[in-house]
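Student: sequence below, structure please.
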Amino acid sequence: MALFKRDAVSDAFQHAWHGYSTHCFGGDTFHPVSNTCDNGFGGWGATTIDSISTAIMLGKGDVVNRILKCISTLDFTKVAGGARIQMFEVTIRHFAGLISAWDLLNGPYRAMAKDEALMKSLYSQMIKLGDSLSCAFDTPSGVPRNWVDPALCKSDDGTSNTVAGAGTLILEFSRLSDITKDQKYARLARRAESYLLNPHPSEYEIWPGILGSFLTVADGDLINTKGSWGSLADSFYEYLLKAYVYNSEEFPFYLERWLAAADSTIRYIGSHPYGHPEWTLIPYWEGDKTFNYMDSLSWFVGGNMILGGMVTNNQTLIDYGLSVANTAGEIYHSTLTGLGGEFTGWTTDCTGDWAANCNAENSMRITSGEFKLRPEVLETWYYAFRATKDPKYREWIWEAFEAITTHCKTETGFSAIQDVNLPGGGKKLDQQESFLFAEVFEYTWLAHLEDDRSEMHVQDSRTGLKNTWVYNTEAHPFRVVGTPV
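Tutor: Residues are numbered from 1 along each chain as shown. Sure, this is the predicted structure:
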């Protein structure tokens, strides 16, 4: 059965890839209803490169070879239409995709690296992109700006960046330094991260490890107290833990900061809908006040907590992450489509707008029903399955995958849908982000990879197995260099 399901994932990947490569190959984002293409990420082939690690793991040699050929033709000093590139998105999609391909094709998938010239080009292109992205750090503080013109090696005039924008660099830039033996890349990311590890002003660290969402590029100071584990900050918290998984000797303080943030989340932030103390959601905050809404990006926190518990042997963290995972299950199983929406709201006390007819059956609801093919719930369920081996989490992943193929499929790909509580999801929104390939297909495939000891699996240190790979926020695997944890 697991082989059948992996084959189904492979078929879905191939269906989407055929549509994209027919109508948009080398472009950034494909629109699978109108069959049009846009280059909102600079025209460097966001979907092409973001697909490569999944294509490698699925054994799609022809696809991988075509992507490598495309990579060899790109000029990372020029942007389509003379526009700028977005530092954050290009780092997690393009830069990480190149690095991951290098690691995989020089590791367990070496047999797929048949063209030496293309591998040499991959290596040089990885460095060229790292150099172009490095231009963003040319600020008084070393905190990068988020928009960069690589042709001039100049960032824009922005005065601030997000916590995620400054704090989601340490894996990619450290890995390039370790591959090339040139520490200049890692130094850039560490300097930017230093302002988040030792935040100033101190009152903007709302609870231990928990920050606002923005900091200045002039001096690295935080400038607000509004935040979340979702948009604008999510992968900053994610990378504190994953930096430690990547190199446990180099990044123990990152783990300390992550543990502080995790503990503060459990103590002060996490919330439970009325009548359901067993369900956990992660609200937004401003100062020390929380607001009971949660975006879909925040669902990754369940898997992040579980990973933290697995590598530190902390059952409290695992149980907390499982509570988040189970809450996502309740939401997905409550909709007409079997998929979750973009925002969830809830009440803890049935007051205010929730007062009328409020009870334990309706104290949590989807407040924005769009489904944008986001992977964070599948990601959390994968970690839940790895920690518990409870087959329900793998089955939930499969049910969500089937719901995507039922409600989102078009003749040429898969589209975001209007509302998970409308029949068939309502209108198809003509948007297929690259993370469909990078994350949705990959986590579904990994969940059905039967070899429990496969090095590509996230491992639970309590079993004696250690993590030799760590997945970036776009699910690109990097080879661990420190003592595995």
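Student: top helix in this structure by residue count?
Tutor: For the chain, the helix that runs over the most residues, judged by DSSP state H, is helix 2-23.
Student: other SSEs contacting that one?
Tutor: Judged by 3 or more Cβ pairs under 8 Å, 6 or more residues apart in numbering; DSSP states H and E, the packing partners of helix 2-23 are strand 29-31, helix 52-57, helix 391-407, helix 441-447. For glycine as for every other residue, the C-beta is placed from the backbone atoms N, C-alpha and C.
Student: tell me the contacts of the closest residue to residue 301 other than its chain neighbours?
Tutor: Nearest residue to residue 301, sequence neighbours excluded (Cβ to Cβ, 6 or more residues apart in numbering): residue 229, at 4.7 Å. Contacts for residue 229 (Cβ atoms under 8 Å, 6 or more residues apart in numbering) come out as 237, 265, 282, 298, 300-301.
Student: now with 6 Å?
Tutor: 282, 298, 301 (Cβ atoms under 6 Å, 6 or more residues apart in numbering).
Student: against residue 330, how distant is the first one?
Tutor: Pointing back at residue 282 there. Note on residue 282: its distance to residue 330, by Cβ to Cβ, to the nearest Å, is 15 Å.
Student: just residue 145 next, same as before
Tutor: From residue 145 across to residue 330, the span is 41 Å (Cβ to Cβ).
Student: neighbour count for these two, which is higher?
Tutor: Using other Cβ atoms under 10 Å, the more surrounded residue of residue 145 and residue 330 is residue 145, with 23 against 14.
Student: mind checking the helices and strands packed on helix 2-23 for the one nearest to residue 132?
Tutor: helix 52-57 (18.7 Å; Cβ to Cβ).
Student: of the contacts of residue 229 - the most surrounded one?
Tutor: Going by other Cβ under 10 Å, residue 301 tops the contacts of residue 229 with 29 neighbours.
Student: hang on, that residue packs against residue 282?
Tutor: Yes. Residue 301 lies in contact with residue 282 (Cβ atoms under 6 Å); the separation is 5.3 Å.
Student: give me the helices and strands touching the helix or strand harbouring residue 253, please.
Tutor: Counting by DSSP states H and E, the element that carries residue 253 is helix 252-264. In terms of contacts (3 or more Cβ pairs under 6 Å, 6 or more residues apart in numbering; DSSP states H and E), helix 252-264 is packed against helix 234-246.
Student: hmm, 7 Å instead?
Tutor: Using 3 or more Cβ pairs under 7 Å, 6 or more residues apart in numbering; DSSP states H and E, the elements in contact with helix 252-264 are helix 234-246, helix 300-312.
Student: now these in TSV, with mean pLDDT?
Tutor: Output for the helices and strands packed on helix 252-264, formatted as TSV (pLDDT from 0 to 100):
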stretch	mean pLDDT
helix 234-246	99
helix 300-312	99
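Student: of all those helices, which one comes closest to residue 126?
Tutor: Residue 126 sits nearest to helix 234-246 of all the helices and strands packed on helix 252-264, at 16.8 Å, using Cβ to Cβ.
Student: can you give me the strands for the stretch 151-300 of the chain?
Tutor: 154-155, 160-162, 205-207, 210-211, 214-216, 226-227, 284-286, 289-291, 293-295 (DSSP state E, counting those that start in this stretch).
Student: just so I know, which of those strands lies nearest residue 278?
Tutor: Nearest of the strands of the stretch 151-300 of the chain (Cβ to Cβ): strand 293-295, 16.6 Å.
Student: so for that closest one, what gets flagged as buried?
Tutor: By neighbour count with 16 or more other Cβ atoms under 10 Å, strand 293-295 contains the buried residues 293-295.
Student: same question, stretch 215-234
Tutor: 215-217, 220-222, 225-230, 232-234.
Student: one step back: out of the helices and strands packed on helix 252-264, which is closest to residue 13?
Tutor: With Cβ to Cβ as the criterion, residue 13 lies closest to helix 300-312 of those, at 21.6 Å.
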